[in-house]
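Peer 1: sequence and predicted structure, then a few things I'm wondering about:
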Amino acid sequence: MPVFDYRFRVPATVDAVADFHFQTGILKSLSPPLMLLQVHRFDPLAEGSIGDFTMWMGPVPVHWRAEHRNVSRSGFTDVQVAGPMKRWEHTHRFSAIDAHTSEVHEHIEFEHHTGWRGVWSRILFPKPALLALFFWRSLVTRRAAAKIDRAAQGRSASREH
């Protein structure tokens, strides 16, 4: 079964990274500018919460429905319950490198269908496309989590005075 791993560092605490991922509406901010996204349902991140959306890959609509599992402040897994893949489990893990730096580890285990449906999913989700998607997401996450972290540090500093 294919596996995709992507790791990146964030100049922020694990709490700031988690706060970013627990925001509603995060999916749109994590989608690259050329990928149109129509969100049908996106529950607040919690055990069993649902994300239901259509990604437009050029003129092609790709419907996806995922359930969130193993949700904690250190990460979560989204499991495709309906969509283009035979199997897709995407685990997000957040860990501290030091007091002000975190690592995000994206781990995806997936399986394509057989036949034409599998050809289609291989065209839509080749490794270069996944690398580009997660590079974009790393940029967005770094910027947003650092901003959240600075705001938290500012609140903490103002309470000390």
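Peer 2: Received, thanks.

Peer 1: and the nearest residue to S49 once chain neighbours are set aside, how many neighbours?
Peer 2: Leaving out its chain neighbours, the residue that sits closest to S49 by CB to CB, 6 or more residues apart in numbering is D43, at 3.7 Å. Heads up, the C-betas are built off the backbone N, CA and C, glycines and all. D43: 13 surrounding residues under other CB atoms under 10 Å.

Peer 1: any idea where the helices of this protein begin and end?
Peer 2: For the chain, applying DSSP state H gives helices covering 14-21, 26-30, 115-124, 127-160.

Peer 1: most tightly packed of those?
Peer 2: Of all the helices of the chain, helix 14-21 carries the top mean neighbour count, a mean of 22, counting by mean count of other CB atoms under 10 Å.

Peer 1: is it true that R93 touches R73?
Peer 2: No: the criterion here is CB atoms under 8 Å, and R93 misses it with R73 at 11.1 Å.

Peer 1: counting neighbours, go ahead and name the busier of the two.
Peer 2: R93 (16 against 13).

Peer 1: contacting residues for that one?
Peer 2: Residues near R93 by CB atoms under 8 Å, 6 or more residues apart in numbering: 74-75, 104-105, 107.

Peer 1: 7 Å instead?
Peer 2: By CB atoms under 7 Å, 6 or more residues apart in numbering, the residues touching R93 are 74-75, 105.
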